[in-house]
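Peer 1: what follows is a predicted protein model with its sequence.
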Amino acid sequence: MEGFGNGRLLFAKNFIRYPAMLGSLIPSSRILVERLLSRVDWKRAHVIVEYGPGIGTFTEAILERLPADGKLIAIETNRDFVDYLQQELQDPRLHVECGSAADVRDILQRRGLDRVDYVISGIPFSVMPDELRQAILASTHEVLKPDGAFLVYQFSNKVLRDLERTFGEVERGFVFRNVLPAHWYDCKPRG
């Protein structure tokens with residue numbers, strides 16, 4: 001990514017303005033990215049949604065692995081990050097939307113899509129209002145294909161109970177080599 005240095009500066013500025021939205025002063029480590037994306041079956045990953053792409057740390061890694069005919073829908077509430085991603089990541093498979101993850105169904109419908117293979121998220125569930133968290137999790141469950149997965153990384157394990165209530169199977173792990181150390185969850189939809 002050419003503007004990576006500018007991206008880090010943009011990330012830091014936004015952390016200072018909205019610390020609860022980002023959770024960390026620096027983007028996710030390569031180790032966390034690799035660990036979470038290792039959960040994806042790339043042979044069947046044709047439509048992926050990413051919540052809260054920020055400056056594209058995960059976005060770029062997803063695009064490196066995504067099949068040529070794949071689609072990545074990145075949903076971001078921060079207009080600065082939306083503009084940055086649209087400028088820096090020129091890839092026809094990437095569709096950046098300024099909006100809330102709670103509106104994932106509507107966003108997908110506008111693009112002629114119904115169900116997705118994976119949803120990847122690092123949005124800070126632990127600091128958002130309960131109703132919003134529940135709305136996002138329910139919408140995510142609804143848009144996942146039966147064999148899909150919701151892959152989540154968090155700096156707190158507070159969301160675990162909500163994930164277990166919403167999804168049938170939740171596998172989890174921990175990555176120490178990240179600032180801050182991160183929990184990851186691989187959630188499969190229940191029938």
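Peer 2: Received it, and whenever you're ready, just let me know what you need.
Peer 1: geometrically speaking, which residue is the centre of this protein?
Peer 2: Ser121 (2.6 Å; CA atoms, centre = their mean).
Peer 1: bridging residues for that residue?
Peer 2: Per DSSP bridges, residues listed as beta-bridge partners of Ser121: Tyr51, Val152.
Peer 1: doesn't Leu151 make contact with it?
Peer 2: Yes - using CB atoms under 8 Å, Ser121 makes contact with Leu151 at a distance of 7.2 Å. To be clear about C-beta, it is placed using only N, CA and C from the backbone, and glycine gets the same treatment.
Peer 1: quick one: the helices in the protein?
Peer 2: With DSSP state H as the criterion, the chain has helices at 4-17, 19-22, 30-37, 57-65, 79-88, 104-110, 130-143, 160-166.
Peer 1: quick one: low-confidence parts of the chain?
Peer 2: Confidence mapping of the chain against pLDDT under 70 gives the ranges 1-28, 179, 191.
Peer 1: stretch 114-131: end-to-end distance?
Peer 2: Taking CA to CA, to the nearest Å, stretch 114-131 runs 24 Å from one end to the other.
Peer 1: now stretch 141-159
Peer 2: 15 Å.
Peer 1: and for stretch 47-67?
Peer 2: Stretch 47-67: ends 10 Å apart by CA to CA.
Peer 1: can you list the buried residues in it?
Peer 2: By 16 or more other CB atoms under 10 Å, the buried positions in stretch 47-67 come out as 47-63, 66.
Peer 1: what about Pro92, how many neighbours?
Peer 2: A count of nearby residues for Pro92, using other CB atoms under 10 Å, gives 7.
Peer 1: before we move on, what about Ser100?
Peer 2: 18.
Peer 1: what of Asp41?
Peer 2: Neighbours around Asp41, by other CB under 10 Å: 10.
Peer 1: same thing with the one 3 residues further on?
Peer 2: As a burial measure, the neighbour count of Arg44 was computed by other CB under 10 Å and equals 12.
Peer 1: the residue nearest to it when sequence neighbours are not counted: what's it in contact with?
Peer 2: Once flanking residues are discounted, Arg44 sits nearest to Asp117: 6.1 Å by CB to CB, 6 or more residues apart in numbering. Asp117 is in contact with Arg44, Ala45, His46, Val47, Ile48, Leu144, Lys145, Asp147, Gly148, Ala149, counting by CB atoms under 8 Å, 6 or more residues apart in numbering.
Peer 1: looking at the residues you listed, which are in strands?
Peer 2: Val47, Ile48, Leu144, Lys145, Asp147, Gly148, Ala149 (DSSP state E).
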